[in-house]
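Student: Coordinates only, no sequence provided:
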């Protein structure tokens, strides 16, 4: 799958999940910045991927595909949207070739020349035949990702499938490992690689002919489906941070009317895009558990420290490397700016003072337990049997506000006055929603 195509299909699926089929084709295409023809072609491509991986597809077109995303709340075996990753990395010819190589190495250890003969004999007639350089490149890739292992000895080198861990485990140990990976992949972030590892373990269970029913020990509800899509950019960003390299990308902020734009490859049809080209030194990636969002924090040489929602990144490419001293300096500036950030806010520091009300004495004090667990560096300065005062200094109130709001009537904002007034206005608005509109209701 082409890199640009993967960006487009990520944004396509994100909108499909968020809108649940509420847009018609024209509205969908306009929001993505593509033509209706491209919309139809992308939808067909996604259905082909689903059909290839799941061997089943809704009978009707369009609406049923959106319905599948809308109603699959519990999907322990395969979180929806994960199927896109399986179609990302390999071309069709590579898929045929690597499948043959791995299948052949399942039986015995072979050399590159022997594998080339097998590929030439068994590849479909419409697939180009590989040379020895291509086979060696495939073997190097499979060895890097841990699928095969080169045996000890001199040339010619022999390779075998590297499944020692799974092969040496008993059935009970394999089930325990599967359960552990299943829990961690569904509760930790990032998680896509965990899902792919879980699929590998499930295949090992099938090979041992263990009943698949034993693998369905847990069910999960996915609140943030699009988080899985955003992980496509995480590891390239992690690599750029590790190597101290700048990155270039086309960015669509949440306020932008569009979320994608195709690359201008034909000068006759070149048009101005609504995205913003950015050249940034990435410094840190942060995950927001409140909303299921990833943020990239970096240094833009025109504007200094900048924050980007990862969901708005497209066409990400590595650029030049920076000296270690420069990277350390920019990172120190970021740490200083975000030292008092509830998450990533770089606004002016403000002191927040809140009164939390304890539950009835017959119940555990879950309010204080939650404040101590989630309240970061804030402190409890005063308390009695009925309430306690919590104080914290943060960069702005935008990010802490949803957390305070989640306590409902157990929380009263005392300072700053502006934030208190905002809460009063919000609760009055909510109260108005519940006022009776008819006397005899």
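Tutor: Happy to help now that I have it. Fair warning: this is a prediction, and the values are worked out from it, not measured in the lab. Numbering: from 1, shown residues only.

Student: Break the protein into its domains for me.
Tutor: The record's domain parsing of the chain by automatic domain parsing lists 3-71, 92-162, 166-221, 233-261+271-337, 349-433.

Student: Between those domains, which has the poorest mean confidence score?
Tutor: When these are compared by mean pLDDT, domain 3-71 comes last with a mean of 67.

Student: that older thread, nearest to residue 227, out of the domains of the chain?
Tutor: With Cβ to Cβ as the measure, domain 233-261+271-337 is the member of those nearest residue 227 (4.6 Å). Where you see a C-beta, it was placed from the backbone N, CA and C, and this is true even at glycine.

Student: how far out from the middle of the chain is the closest one?
Tutor: Remark: domain 233-261+271-337 is offset 15 Å from the chain centroid, using Cα atoms, centre = their mean, to the nearest Å.

Student: what's the span of that domain, first residue to last?
Tutor: Terminal residues of domain 233-261+271-337 lie 25 Å apart, using Cα to Cα, to the nearest Å.

Student: circling back: so which of the domains of the chain comes closest to residue 343?
Tutor: Residue 343 sits nearest to domain 349-433 of all these, at 4.7 Å, using Cβ to Cβ.

Student: what about the closest one, how long is it end to end?
Tutor: End-to-end distance for domain 349-433: 34 Å, by Cα to Cα.

Student: now swap in stretch 297-314 and tell me
Tutor: Stretch 297-314 end-to-end distance (Cα to Cα) = 16 Å.

Student: Show me which strand runs longest in the protein.
Tutor: Looking across the chain with DSSP state E, the single longest strand is strand 276-288.

Student: ok, and for that strand, which residues are buried?
Tutor: Using 16 or more other Cβ atoms under 10 Å as the test for burial, strand 276-288 gives 278, 280, 281, 282, 283, 284, 285, 287, 288.

Student: Which parts of the stretch 201-350 of the chain are strands?
Tutor: Assigned by DSSP state E, counting those that start in this stretch, the strands in the stretch 201-350 of the chain fall at 245-251, 276-288, 293-300, 304-309, 313-321, 349-357.

Student: May I see the domains of the chain organised as CSV, with distance to residue 84 added?
Tutor: Formatted as CSV, these follow (distance: least, Cβ to Cβ, whole Å):
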stretch, distance to residue 84
domain 3-71, 6
domain 92-162, 15
domain 166-221, 10
domain 233-261+271-337, 13
domain 349-433, 30
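
Student: Apart from its chain neighbours, what residue comes closest to residue 246?
Tutor: Among residues not flanking residue 246 along the chain, residue 319 sits closest, at 4.0 Å (Cβ to Cβ, 6 or more residues apart in numbering).

Student: contacts for stretch 382-394?
Tutor: The contact list for stretch 382-394 (Cβ atoms under 8 Å, 6 or more residues apart in numbering) reads 340-342, 345, 349-358, 361, 368, 371, 375-381, 400, 414.

Student: Now a PyMOL select for only the buried ones of those.
Tutor: Buried subset of those, written as a PyMOL selection, criterion 16+ other Cβ under 10 Å:
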select buried, resi 340+341+342+345+350+352+353+354+355+356+358+368+371+375+378+400
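
Student: Can you tell me which of the strands of the stretch 201-350 of the chain is nearest to residue 153?
Tutor: Nearest to residue 153 among the strands of the stretch 201-350 of the chain is strand 313-321 (37.4 Å), distances taken as Cβ to Cβ.

Student: so what does the closest one touch, helix or strand wise?
Tutor: When contacts are defined as 3 or more Cβ pairs under 8 Å, 6 or more residues apart in numbering; DSSP states H and E, strand 313-321 sits against helix 3-19, helix 234-243, strand 245-251.

Student: helices and strands around the last one, which ones?
Tutor: In terms of contacts (3+ Cβ pairs under 8 Å, 6+ apart), strand 245-251 is packed against helix 234-243, strand 276-288, strand 313-321.

Student: Buried residues in the shortest one, which are they?
Tutor: When neighbours are counted by 16+ other Cβ under 10 Å, the buried residues of strand 313-321 are found to be 313, 314, 315, 316.

Student: Parallel or antiparallel, which strands does that strand pair with?
Tutor: When pairing is defined by DSSP bridges, strand 313-321 lines up against strand 245-251 (antiparallel).

Student: Now do the partner strand and helix 234-243, the angle between them.
Tutor: Angle of strand 245-251 versus helix 234-243, following axes from the mean of the first three to the mean of the last three Cα atoms, to 10 degrees, is 150 degrees.

Student: Quick one: residues in contact with strand 245-251.
Tutor: Residues outside strand 245-251 that contact it (Cβ under 8 Å, 6+ apart): 236-237, 239-240, 261, 273, 275-282, 298, 308, 312-322.
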